[in-house]
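Enquirer: Sequence and computational prediction follow.
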Amino acid sequence: QVRDRLKQQVVEMTEKFPGFRPGLAILQVGNRDDSNLYINMKLKAAAEIGISANHIKLPNTATEADVLKCIASLNADPAVHGFIVQLPLDSNKPINTEKITNAVAPEKDVDGLSSINAGKLSRGDLGDCFIPCTPKGCMELIRQTGVQVAGKRAVVIGRSKIVGAPMHDLLLWNNATVTTCHSKTSTLAEEVGKADILVVAAGRAEMVKGEWIKPGAIVIDCGINHVPDSTKPSGKRVVGDVAYASAKEKASFITPVPGGVGPMTVAMLMQSTVESAQRFLEKFQPGKWTIQYNQLTLKMPVPSDIEISQSCMPKPIDQVAKEVGLFPDEVELYGQTKAKVQLSVLNRLKNQPDGKYVVVTGITPTPLGEGKSTTTVGLVQAIGAHLHQNVFACVRQPSQGPTFGIKGGAAGGGYCQVVPMEEFNLHLTGDIHAITAANNLVAAAIDARIFHELTQSDQALYNRLVPSVNGVRKFSDIQIRRLQKLGINRTDPMTLTKEEINSFVRLDIDPGTITWQRVLDTNDRFLRKITIGQSVTEKGFTRTAQFDITVSSEIMAVLALADGLDDMKKRFGRMVVASSKKGQPVTVDDLGVTGALAVLMKDAVKPNLMQTLEGTPVFVHAGPFANIAHGNSSVLADKIALKLVGKDGFVVTEAGFGADIGMEKFFNIKCRYSGLRPHVVVLVATVRALKMHGGGPAVTAGVPLPKEYTEENLQLVAKGCSNLNKQIQNARMFGVPVVVAVNAFKTDTKAELALVVQHAKEAGAFDAVECTHWAEGGKGALALARAVQRASQAPSNFRFLYNVELPIVDKIRLIAQQVYGARDIELLPEAQEKVAMYIKQGFGNLPICMAKTHLSLSHDPEQKGAPTGFVLPIRDIRASVGAGFLYPLVGTV
């Protein structure tokens, strides 16, 4: 009856909440036969009822710490509603059973063994605790007799924590008069004789005699004992604690052994699991986070960004992690406000449907920027803190170069920030420093290899590369890959010919073709061109080199596009650093440092978790440039976020610069590699930028705005909307609905803002709304959030602009004509040579990543609006083979 009732309840749950199932976890230590038998009974019952049961088995070598770690993971798993530790713990290591049972979260402790549940039962809080399954089953059996418990005299024999003590409490709070007897009770027969209800759990075979029992009593026998019986094949039989044959003659109801209390115990475990799942559903909706949002205290005028950030008290980051469904062992804390997230979460959530994918981009900006980051944060605060939907922001980590330069940080602004902003803008968790170390390791390996090849014989190089250890030479895996690349199929180092040794040890790098530079995450202009090798130990082998900013390293682009640690390592190996004197590409794999790079980057590959001012979660991960790279945060952060938010949630990411650059690369490069498909484009526009495009005076950082930007001028705005129109067309070209966010400044007039909204809708935007989130936080982006929700339900027929198998020149031309509005392209001689070289080297099928000014749709930053008819000059083309794209350098200088 119990099982049938539970089965129906589970059906009703799954009908009301599709995809939901009550979850039971059984943790076993060791491999005891009796434990295996009991667990199989429980698993069978769970399957029959429709409960999703998971058996976790630890070896008998498991330590207490191992068991506690496993318990912590199960406590945090929202799919587990009931959780038991199978006793006894069969480990050859000392384990404190009391500590283990108390580590189980009380709300999941369906065995009712934790001190908290025992305490609640002792106090009579029966509706707010779990009762141990055997006493609960006994009570259900007593109820089935139809006998009223209240007022009856009950005797419990045994005082164990699992049966006797909780049975006493359960009968007491059901208004029976209860006596507990035990091994020291001197008048046991006399006490038994008074009992209307007798529950025996002493663990002694047939201890209670039939003649002791009061006529008409209810007898519940919890004992399981083995006694000799020569008639049985096993030589023994199972009996209870009560002499059944004589007791059944006096009792009105009696449980048999076996087959009485045992099946009810299992049934009660199932019932408690279903009850726990029902409590979970009352408190949480499946797929719906329970988040504590921060209430903003808005001030006018709006204080500085740093004042606002430091006035906020962020939630502990482990709380944020728990709120979004991350398990403790999936989170690595870096202090109180930031953490790294393990990539294993992707495997755990692989069957979870993705949420809605939104990319924030902008019109062609002024040098001051138009607020894409601020809008990204404002939008997620609105969706999360105000519309109470699951939402994640995924943004780039800023370089310290711009942070200490004129641009400043990139945490957003006003009441829409990632906090703490100083943590966000500076070291964060050290990812950029790891890239610096990895990049410079490659640079050092290049020059060291050139030096050694110039100063040593083939055999000396071979002895260094494949040293004899205890008289044995052995190729490493990476060296075998190099041999295969050279067409040498030998694996025994002793069998190579002199010619093969020469090919193997000499990369023969042409110094004039080295494209790999050293990097530093600081703007230091005096390192832009340097001479290296001036120490006497370098024997006069000097060359001219340079330092770049760290975030321009190809390693950063690889980090942003990698699909995991293995994929990142493979991409590292493919990175081309130079050409040989025969024109062959020289890779990081050829240098033999791929594994070293992967080790340096093993933590950097994990996304960083932070939060907004209003307490919504943010992934901060990777920060590739938007000109020589694709300008988007990491694929991994987006993928994890999309799983965490669930099918009704939103992930909002930002693409660098204007839509012609960051958005185009988001679609053609990032989405191509990730396999993800966007649902909505949010295009940020400002009256200020549109006035500039309409012919307004130059906007210069650090210089007060001319009056044209601070006074109403509808004519300038209307004329500048040509840029807005073109960028809307650019987004729609990819088949994705566009919502225009008009980021309002205090100098904008209502008429100007209304004019932009009108023009955007007429140009084909799905919707256009005015936003005041900088001054009001998420509240000021509510209209935008609702527009994005509606747009996400509209058809999205996403498509790429070009097929990668097209010739290199055709792909460049398509971008120039379709996205920028150019009439044609012109490849300068160096670019033409590179096209031929990359086709010869096998890189012709890579996507294109245009390195162009962000201040104009054309190559000329002074051309505003939406210029047409121009010829786009390509002065050079370079390759980021590991990241997976070619980047043409646009312009003549």
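Expert: Perfect, thanks for sending it.

Enquirer: Run a quick neighbour tally on Asn803.
Expert: Around Asn803 sit 10 other residues, with neighbours defined as other CB atoms under 10 Å. In short, each C-beta sits where N, CA and C put it, glycine included.

Enquirer: Now name the helix or strand holding it.
Expert: Following DSSP states H and E, there is no helix or strand that holds Asn803.

Enquirer: need the strands for the stretch 101-250 of the chain, in chain order.
Expert: Counting by DSSP state E, counting those that start in this stretch, the stretch 101-250 of the chain has strands at residues 153-157, 177-181, 197-200, 218-221, 225-228, 236-239.

Enquirer: Turn those into a markdown table, columns for distance to Gln417.
Expert: Output for the strands of the stretch 101-250 of the chain, formatted as a markdown table (distance: least, CB to CB, whole Å):
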| stretch | distance to Gln417 |
| --- | --- |
| strand 153-157 | 62 |
| strand 177-181 | 61 |
| strand 197-200 | 62 |
| strand 218-221 | 63 |
| strand 225-228 | 68 |
| strand 236-239 | 68 |
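
Enquirer: Least confident secondary structure element in this structure?
Expert: Least confident helix or strand of the chain, by mean pLDDT, DSSP states H and E, is helix 400-403 with a mean of 81.

Enquirer: Skip ahead from that helix and say which helix or strand is next.
Expert: strand 412-413.

Enquirer: can you put the strands of the stretch 101-250 of the chain in TSV and add distance to Gln729 and mean pLDDT?
Expert: Shown next, in TSV, are the strands of the stretch 101-250 of the chain (distance: least, CB to CB, whole Å; pLDDT from 0 to 100):
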stretch	distance to Gln729	mean pLDDT
strand 153-157	80	97
strand 177-181	81	96
strand 197-200	79	97
strand 218-221	79	96
strand 225-228	83	90
strand 236-239	81	90
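
Enquirer: Of those strands, flag the one that's most buried.
Expert: strand 197-200 (a mean of 28; mean count of other CB atoms under 10 Å).

Enquirer: Neighbouring strands - and their directions - for that one?
Expert: strand 153-157 (parallel), strand 218-221 (parallel) (DSSP bridges).

Enquirer: residue contacts, Asn713?
Expert: 691, 696, 752 (CB atoms under 8 Å, 6 or more residues apart in numbering).

Enquirer: which one of these has the most neighbours?
Expert: In terms of neighbour count, Lys691 stands highest of those at 27 neighbours, by other CB under 10 Å.

Enquirer: Could you tell me how many residues sit around the nearest residue to it once chain neighbours are set aside?
Expert: In space, and not counting its chain neighbours, Lys691 is closest to Leu716: 4.3 Å by CB to CB, 6 or more residues apart in numbering. Neighbour count for Leu716, taken as other CB under 10 Å: 20.

Enquirer: same deal with Ser722?
Expert: Per other CB under 10 Å, the neighbour tally for Ser722 reads 20.

Enquirer: Verify the contact between it and Ala866 for me.
Expert: Yes. If you go by CB atoms under 8 Å, Ser722 and Ala866 touch, sitting 4.2 Å apart.
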